[in-house]
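In: Take this sequence and fold it.
(one chain, ligands or ions: 1)
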Amino acid sequence: MNYLLNPAFMGKVLKSYLFDLNRIWGINEKELREYQERQIKKMIKYSYENIPFYRKKYQKAGVHPKDIETLDDLRKLPFVSKDELRKCSQKEITPSSQKNLIKTSTSGTMGKPVSVYVSMHEIVMGLLGYLRTLKEHGINWRNDRIVLLLDLRRNSAERKYLNEGVIPGFKPFFSFENIRIYSFKVDSEKLIRELDEFQPDFIGGYTGKLVNLALLKEKGFGKNVAPRVVGSSGNTLDKYLRMLIEEAFNTRLFEAYGATESGPIAFECHDRKLHIHGDLVYAEFINNGKVVSNEPGNIVVTKLYGGGTPIIRYTGINDVVAPSKEKCSCAAGGGLIKKIYGRDNWYLIFSDGRIMLPSAVSEIFSRVVYEFKTRMIRQFEVTQHTVNKLEVKVVVDEKLSEGVSTAEVFSMIKSGFYEKVDSDLKVDVKKVDKIESGRYLISKVDKNRFDHKIYI
Ligand SMILES: [Zn+2]
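Out: Purely as a prediction, here's the structure:
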């Protein structure tokens, strides 16, 4: 069915485009808070009345929508974990009245995928979050040439949102000739040749793919690829990868943060601050069971719009994120994020409870990529045997080493750990043919020995 033949839906879309897209600029704290309270109450009522999973959960916890008046009241509601959603059937997490919901699933790199259902209106709202970010960086989606490098797996949110949702749906109304969408799995050399001819004003996509393109650009490919802006999403972006991409394309990069379950969460403004899309999600940060506002914690999100599966106090993003109380001088509202530390499912732990998350480890490898401009590291695995002994296995692709010495690379990996952790750490780096564990951080240290956490 073409949703756009439905005038009520078109009306909603136009309203979204005009009001929702721009709401984040110029909104003050009080207005935002009132807006959030209104939306949260609406979503909780909707969940209680229409979604069996939420109704059962809230009844069991003894809370009722009328108990939730303010944002602080939200804490009365129990958290929802990824595992809980994973176990639900479609019937339990969607309203029976809603037809035409679209199933989207997480990639499953962090365990079994979880699926949620979205309405076409939610898809449009999600895309507005991205369009807002483009607008912030002076990219006009109607006129500028745009390239998106996306996850186009069968049930990926991006495929459902764009390739199967908005683009075919809106084709009768807009031309999308200025937008090209590629799978991030497409061969990088082939891709950069196509981009050379298309000459995009904007390239947005997965950090890893942007890094590959940047390395090819450094080697002289894609002479005419000179985007005004590049947008990175999907992975934690560290300072080395950022520098690599910005320097290779001589351009400006922004970070966009979001998740399949929640939609867009935050965007980087032109002053390089990460603003939460405070009108699309309400974010809480939990450390040791307490809500924190100025130190790193696990992000918990509540989605402020819906029609499909509501996301309320959802812990399944599994990212450690540090909120910030600072203010940005730009006109965008929404709380700020100081740093996204990334996934916390695996980590290394050192004396005094110092925790090294995957993002901190991969930063060491990013530095190698940046300094040597090399793609020779195919894979790595870090095993922590004791608090001060690490074994680092690296799969090196000799074909891509192009004169870069493995010894120098290994020495930089070692010094990376010394600088981040301790200079008396024992780090053994060795070359292996393959890695089979499927996870790249393994710690044999008993984590219960430490009662507090500091993120390195
Ligand atoms: Zn700002």
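In: and the residue lying closest to residue 350 once chain neighbours are set aside, what does it touch?
Out: Closest residue to residue 350 apart from its sequence neighbours, by C-beta to C-beta, 6 or more residues apart in numbering: residue 421 at 5.5 Å. Heads up, the C-betas are built off the backbone N, CA and C, glycines and all. Counting by C-beta atoms under 8 Å, 6 or more residues apart in numbering, residue 421 makes contact with 350, 354, 356, 456.
In: repeat for residue 67
Out: 73, 76.
In: about what we covered before: now the contacts of residue 421 in JSON lines, with neighbour count and secondary structure?
Out: Output for the contacts of residue 421, formatted as JSON lines (neighbours: other C-beta atoms under 10 Å; DSSP: H, G, I helix; E, B strand; the rest coil):
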{"residue": "350", "neighbour count": "21", "secondary structure": "strand"}
{"residue": "354", "neighbour count": "19", "secondary structure": "strand"}
{"residue": "356", "neighbour count": "24", "secondary structure": "strand"}
{"residue": "456", "neighbour count": "16", "secondary structure": "coil"}
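In: Tell me the spatial nearest neighbour of the residue of the stretch 51-200 of the chain found nearest the ion, not counting adjacent residues.
Out: Residue of the stretch 51-200 of the chain nearest the ion, by C-beta to the ion: residue 136 (8.3 Å). Leaving out its chain neighbours, the residue that sits closest to residue 136 by C-beta to C-beta, 6+ apart is residue 269, at 5.7 Å.
In: That neighbour reaches residue 275, doesn't it?
Out: Yes - counting by C-beta atoms under 8 Å, residue 275 is a contact partner of residue 269 at 5.6 Å.
In: any chance of the contacts of residue 421 in CSV, with distance to the ion and pLDDT too?
Out: Converted to CSV, these look like this (distance: C-beta to the ion, whole Å; pLDDT from 0 to 100):
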residue, distance to the ion, pLDDT
350, 34, 94
354, 31, 93
356, 30, 94
456, 27, 89
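In: which among those gets closest to residue 37?
Out: Using C-beta to C-beta, residue 456 comes nearest to residue 37 of these, at 37.0 Å.
In: got the buried residues for stretch 234-253?
Out: Across stretch 234-253, burial judged by 16 or more other C-beta atoms under 10 Å covers 234-238, 240-242, 244-245, 248-249, 251-253.
In: ok, and what's touching that stretch?
Out: For stretch 234-253, the surrounding residues in contact (C-beta under 8 Å, 6+ apart) are 137, 151, 203, 205-208, 210-211, 213-215, 217-218, 225-232, 255, 340-342, 359, 362-363, 366-367, 369-370, 373.
In: Apply 7 Å and report the result again.
Out: Stretch 234-253 is contacted from outside by 206-208, 210-211, 214, 217-218, 225-230, 232, 255, 340, 342, 359, 363, 366-367, 369-370, using C-beta atoms under 7 Å, 6 or more residues apart in numbering.
In: and what of stretch 12-25?
Out: By C-beta under 7 Å, 6+ apart, the residues outside stretch 12-25 that reach it are 121, 124, 125, 128, 131, 132, 277, 279, 331, 332, 333, 334.
In: Next, count neighbours for the residue of the stretch 151-300 of the chain found nearest the ion.
Out: Ranked by C-beta to the ion, the top residue of the stretch 151-300 of the chain for proximity to the ion is residue 269, at 3.1 Å. Using other C-beta atoms under 10 Å, residue 269 is surrounded by 22 other residues.
In: For it, which residues are in contact?
Out: Counted by C-beta under 7 Å, 6+ apart, residue 269 has contacts 136, 275, 328, 330, 332.
In: Now, of those residues, which are buried?
Out: The neighbour count (16+ other C-beta under 10 Å) marks 136, 275, 328, 332 as buried among those.
In: Report the two of those separated the most.
Out: 136 and 328 (11.5 Å).
In: tell me the domain ranges of this structure?
Out: The chain resolves into domains spanning 3-343, 348-455 when parsed by automatic domain parsing.
In: Packed most tightly, which of these would that be?
Out: domain 3-343 (a mean of 18; mean count of other C-beta atoms under 10 Å).
In: tell me which element residue 189 is part of?
Out: Using DSSP states H and E, residue 189 sits within helix 188-198.
In: oh, I was asking about residue 266
Out: With DSSP H and E as the test, residue 266 turns up in strand 263-268.
In: just checking, residue 121 is part of a helix?
Out: Yes - assessed by DSSP: H, G, I helix; E, B strand; the rest coil, residue 121 belongs to a helix.
In: quick one: the nearest residue to it once chain neighbours are set aside and residue 272, what's the gap?
Out: Excluding the flanking residues, the one nearest residue 121 by C-beta to C-beta, 6+ apart is residue 307, at 5.4 Å. The gap separating residue 307 from residue 272 is 34 Å, by C-beta to C-beta, to the nearest Å.
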